[in-house]
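> Here is a sequence with its predicted model. Questions after.
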Amino acid sequence: MISLLLVLSAAVPPSDLLEQAFLGRSGSRWSGIALVDRPGGEHKPDTARVCREGTSERLDFRETSIWIAGDSTVILRPAEKTGWKHPKHRPPPDMEARIVGTDRFLGRSVLLVEARGPFGHGHRLWIDTSLPAVLKGEPLGKEDHPGPERQFLSIRPGTGCPQGSFQLPADWTWREGPPPPPPGGPDEPRREHRRHEASSLAELSSAVGFDLPSPPWLPAGFQPRNFGWVETREGRAAQVLYTDGTRNVSIFWRPLGGPPPYCPAGGCKDRQGKPVVFGVAGRFGLAVTGDLPSEDLERVAGTRK
């Protein structure tokens, strides 16, 4: 399969592969979850839901959405009900691209492509030519930019953008040009505490690098509804929100390691003042909070029979 990929790609100039991977082509349909550098020129990776329909692409961050459609890039801030339109960014015409090998990423065959500008700066790209899409991209000189600028955590071929994804809200304020910095300046929540969404339990397990066990106990009728993960000093912690339609229980999981959490007299509380109970299930530590009595939270955490 890899050798066939190289043979087929040899018929397409690397510069065309690059343009199709970034800008799409007719019939392209996919969606997924990715870590992407946020707009603003700084290396601040954040989780985005990404989808493509043909040559149109949409990225939805927590507070900002970006559309790339037609000849325009559109940036929207729902909290301000304001959007900005400016010309679509294309790969520079003097960018030199060459295929340097093949690889597997998210179970898919990809080409490794190095793209360099006239002054030598450039990127290494993992390109899925069948989608087409850049599934991972990182700078060639990583000393000043640790980590990838773009890395998919999951990809769903054939599932494109929801209907209406590229319709402009009529009651918004529209401006030309790039947007100013977000209100509040550059200070943002620390990456360590930023929550990243996942669309399923399987996607969450892939993002955190471990399979989640079943909770020690749950009240009757509770089912998983929402999935996410956060960075911690000990690594990534998975979060699953369970609900019975009226009450919610949130469970954080992470592999055991480091000292147990310290709780002051009166116990630990979450930001809403609800009790947090810590427990151990196999090789995992868990933290439990939600709309249940303390004794039931302890049963969920496995500290009460």
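Structure received.

> show me where the protein has helices.
Per DSSP state H, the chain carries helices over the ranges 2-10, 14-23, 201-208, 294-301.

> Could you check how many residues crowd around the closest residue to Val300 other than its chain neighbours?
If you skip the residues right next to it in sequence, Val300 has Val288 as its closest partner in space, 4.7 Å away by C-beta to C-beta, 6 or more residues apart in numbering. C-beta here means a position set from N, CA and C on the backbone, and glycine is covered the same way. The burial metric for Val288, expressed as a neighbour count using other C-beta atoms under 10 Å, is 25.

> and Leu153, what does it touch?
For Leu153, the contact set (C-beta atoms under 8 Å, 6 or more residues apart in numbering) comprises 32-35, 47, 198, 203, 206-207.

> From these, pick the one nearest Trp172.
Thr47 (24.3 Å; C-beta to C-beta).

> dump the residue contacts of the residue nearest to Pro14 when sequence neighbours are not counted.
Beyond its immediate neighbours in the sequence, the residue positioned closest to Pro14 (C-beta to C-beta, 6+ apart) is Ala97, lying 3.8 Å away. Counting by C-beta under 8 Å, 6+ apart, Ala97 makes contact with 14-15, 17-18, 113-116.

> Could you give the bridge partners of Ala97?
As for beta bridges, Ala97 partners with Ala115 under DSSP bridges.

> now do the one 4 residues further on
Taking DSSP bridges as the rule, Gly101 bridges to Leu112.

> looking at it, it is touching Val113, isn't it?
No - at 9.1 Å, Gly101 and Val113 do not qualify as touching, with contact defined as C-beta atoms under 8 Å.

> Between those two, which has more neighbouring residues?
More crowded of Gly101 and Val113, by other C-beta under 10 Å: Val113, with 25 against 12.

> Test for you: state the pLDDT assigned to the more buried one.
For Val113, the pLDDT comes out at 90.

> Domain-wise, how is this structure divided?
By the assignment in automatic domain parsing, the chain contains the domains 2-176, 192-301.

> just to revisit the earlier point, got a quick PyMOL command for the buried subset of the contacts of Leu153?
To isolate the buried ones among the contacts of Leu153 in PyMOL, judged by 16 or more other C-beta atoms under 10 Å, type:
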select buried, resi 32+33+34+35+47+198+203+206+207
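
> coming back round to it: check the contacts of Ala97 and tell me the two furthest apart.
Leu17 and Arg116 (14.8 Å).

> May I see the contacts of Leu153 arranged in CSV, with pLDDT and distance to Asn226 as well?
Putting those into CSV (pLDDT from 0 to 100; distance: C-beta to C-beta, whole Å) gives the following:
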residue, pLDDT, distance to Asn226
Gly32, 91, 18
Ile33, 89, 14
Ala34, 88, 19
Leu35, 84, 19
Thr47, 83, 14
Ala198, 88, 9
Glu203, 90, 12
Ser206, 89, 17
Ala207, 87, 14
